[in-house]
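Asks: Any chance you can model this:
(2 chains)
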There are 2 protein chains.
Amino acid sequence: MKLYGFFRSSAAFRARIALNLKGLDYEYVPVDLLKGEASKPEYRDGLNPQGLVPTLEVDGLLIAQSLAICDYLDEIKPQPPLMPHDAAGCARVRSLALFVACDIHPLNNVRVLEYLTNQIGVSKDQRLAWYHHWIHEGFVALEKSLSRSPATGKFCHGDTPTLADVCLVPQVYNAYRYKVDMTPYPTLRRINETCLALPAFDKARPENQPDAVP
Amino acid sequence: MKLYGFFRSSAAFRARIALNLKGLDYEYVPVDLLKGEASKPEYRDGLNPQGLVPTLEVDGLLIAQSLAICDYLDEIKPQPPLMPHDAAGCARVRSLALFVACDIHPLNNVRVLEYLTNQIGVSKDQRLAWYHHWIHEGFVALEKSLSRSPATGKFCHGDTPTLADVCLVPQVYNAYRYKVDMTPYPTLRRINETCLALPAFDKARPENQPDAVP
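Replies: Next up is the predicted model:
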């Protein structure tokens, strides 16, 4: 099993967490996004037409999209499960995960920030304001959802990590990296700390990857 | 079963397609995004903390995020399935669906376009260029993925509609609405037409909703 990733990509971070939670060994193949390696023909044509990371390669099968990777891993290695066993629980976990994966993360992706700078000509301050805006917009709602629900436990859903935590932790990581004020989000901070205390999450952190740049 | 939606929201469009494919009756409750109804406290506090549509209400359970809604429907009413039965097929379908749901659609959401106009002060032309850019960026890769894979059939995956088609059709609809040149995407056009010939997709179209505005 090979994971094509980049230390700082939060989508790749999710895939690493899922692989670690499942206890699966994998070969990590760095794709240097700073050098545009994911946009090169050999990566786009051979591995991932979108030119994005991560890509998981399993016996010739190529899987793009971090959440598709997580679901695949959950299917081929059901224990420990990334999803609850009841339909309502699954819906809640998926909804929390997609909340981050669809409505926060894509807006702050490198390619989007580059478009803002290069095509629209925004200033550094405007770019940072954009970044913070979408995180706050999402985190306010996420904090409300999590803090009010009796289904929230030590983790986003109950007392074991799920797909929701797999998505939350890399997003909180980005927030800290961009110095977003996390004071208003005590539940997100608490769950993030609980997750990072587990080796599966800790080992997946960007700075613990072989391609990490200080 | 109640679906809170807006005729033009492509996430709500997805949920309507899934409900129709499953043959489920539902009450459609319009939330007027043009009047900002999804951002009002009664909607945010009571139904959807994100202030987005759609929200599905089933026996007191509230589900946000269109893909979480689709998966829930697939779980409570497995026939006809929205996902293939093999792990590799599921991964492919999920990857295609997320491709649209994470990497095209969120960038062209109303709230994002409004931020570009109101906070960054982009011109109408810049806003349109932004819109077209992310659709082309995504569609080039999607066309390549679909046209090259032997797994593509009458629909995105094989000869029955899946979650991938549920996501594709509303995105192609938006592309036509914004006059994106669809000439380079013959596979996307063909699958879109095949889908829209089915009543489940046709009935879900924005113009066929009670809250449609010409």
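Asks: Tell me which residues are up against the longest helix anywhere in chain A.
Replies: When every helix of chain A is counted residue by residue (DSSP state H), the longest turns out to be helix A:124-148. By Cβ atoms under 8 Å, 6 or more residues apart in numbering or on different chains, the surrounding residues in contact with helix A:124-148 are A:96, A:99-100, A:103-104, A:107-108, A:113, A:116-117, A:122, A:152, A:156, A:168, A:171, A:174-175, A:178, A:180, A:184-188, A:191, B:44, B:49-51, B:111, B:115, B:119-120. Using the backbone N, CA and C atoms, a C-beta is placed for each residue, glycine as well.
Asks: For residue A:1, grab the count of nearby residues.
Replies: 13 (other Cβ atoms under 10 Å in any protein chain shown).
Asks: Residue B:142 versus that one, what's the distance?
Replies: 26 Å (Cβ to Cβ, to the nearest Å).
Asks: and after the helix or strand of chain A with the lowest mean pLDDT, which helix or strand comes next?
Replies: Taking mean pLDDT, DSSP states H and E as the measure, the helix or strand of chain A with the lowest value is helix A:41-46, at a mean of 91. Once helix A:41-46 ends, the next helix or strand along the chain (criterion: DSSP states H and E) is strand A:55-58.
Asks: which residues touch that next one?
Replies: Residues contacting strand A:55-58 (Cβ under 8 Å, 6+ apart): A:1-4, A:15, A:47-48, A:62-64, A:69, A:72, A:76.
Asks: what about 6 Å?
Replies: A:1-4, A:47-48, A:62-64, A:69 (Cβ atoms under 6 Å, 6 or more residues apart in numbering or on different chains).
Asks: per-residue confidence at the residue of chain A most remote from its centre?
Replies: The centre of chain A is farthest from one residue, residue A:121, which by Cα atoms, centre = their mean lies 27.8 Å away. Note on residue A:121: pLDDT of 97.
Asks: chain center to stretch A:77-91: distance?
Replies: 18 Å (Cα atoms, centre = their mean, to the nearest Å).
Asks: How about that stretch, which residues are buried there?
Replies: A:77, A:82-84, A:87-88, A:90-91 (16 or more other Cβ atoms under 10 Å in any protein chain shown).
Asks: what does it rub up against?
Replies: Under the contact criterion Cβ under 6 Å, 6+ apart, stretch A:77-91 has outside partners A:22, A:70, A:74, A:93, A:162-163, B:61, B:63, B:68, B:72, B:75-76.
Asks: per-residue confidence averaged over that stretch?
Replies: Computed over stretch A:77-91, the average pLDDT equals 98.
Asks: Quick one: the helices in chain A, in order.
Replies: So, for chain A - with DSSP H - the helices run A:10-21, A:41-46, A:66-76, A:87-103, A:110-115, A:124-148, A:163-177, A:186-196, A:199-202.
Asks: With respect to burial, which of those scores highest?
Replies: Greatest average neighbour count among the helices of chain A goes to helix A:10-21 (a mean of 26), per mean count of other Cβ atoms under 10 Å in any protein chain shown.
Asks: Which neighbouring elements make contact with that one?
Replies: helix A:66-76, helix A:163-177, helix A:199-202 (3 or more Cβ pairs under 6 Å, 6 or more residues apart in numbering or on different chains; DSSP states H and E).
Asks: go again using 10 Å as the cut-off
Replies: If you count contacts as 3 or more Cβ pairs under 10 Å, 6 or more residues apart in numbering or on different chains; DSSP states H and E, helix A:10-21 packs onto strand A:2-5, strand A:27-30, strand A:55-58, helix A:66-76, helix A:87-103, helix A:163-177, helix A:199-202.
Asks: can you tell me if the fourth one touches chain B.
Replies: Translated: helix A:66-76. Yes. Contact of helix A:66-76 with chain B (Cβ under 10 Å from any Cβ of the partner chain) involves A:66-76.
Asks: care to break chain A down by domain?
Replies: Structural domains annotated on chain A: A:2-80+A:203-208, A:87-201, as defined by automatic domain parsing.
Asks: doesn't residue B:61 make contact with residue A:151?
Replies: No. At 11.0 Å, residue A:151 and residue B:61 do not qualify as touching, with contact defined as Cβ atoms under 10 Å.
Asks: which residues do those two both contact?
Replies: A:88, A:92 (Cβ atoms under 10 Å, 6 or more residues apart in numbering or on different chains).
Asks: Looking at the two, which has the bigger crowd around it?
Replies: With neighbours defined as other Cβ under 10 Å, residue A:151 and residue B:61 compare such that residue A:151 has more, 16 against 12.
Asks: Contacts only, for that one.
Replies: A:84, A:88-89, A:92-93, A:96, A:145, A:157-158.
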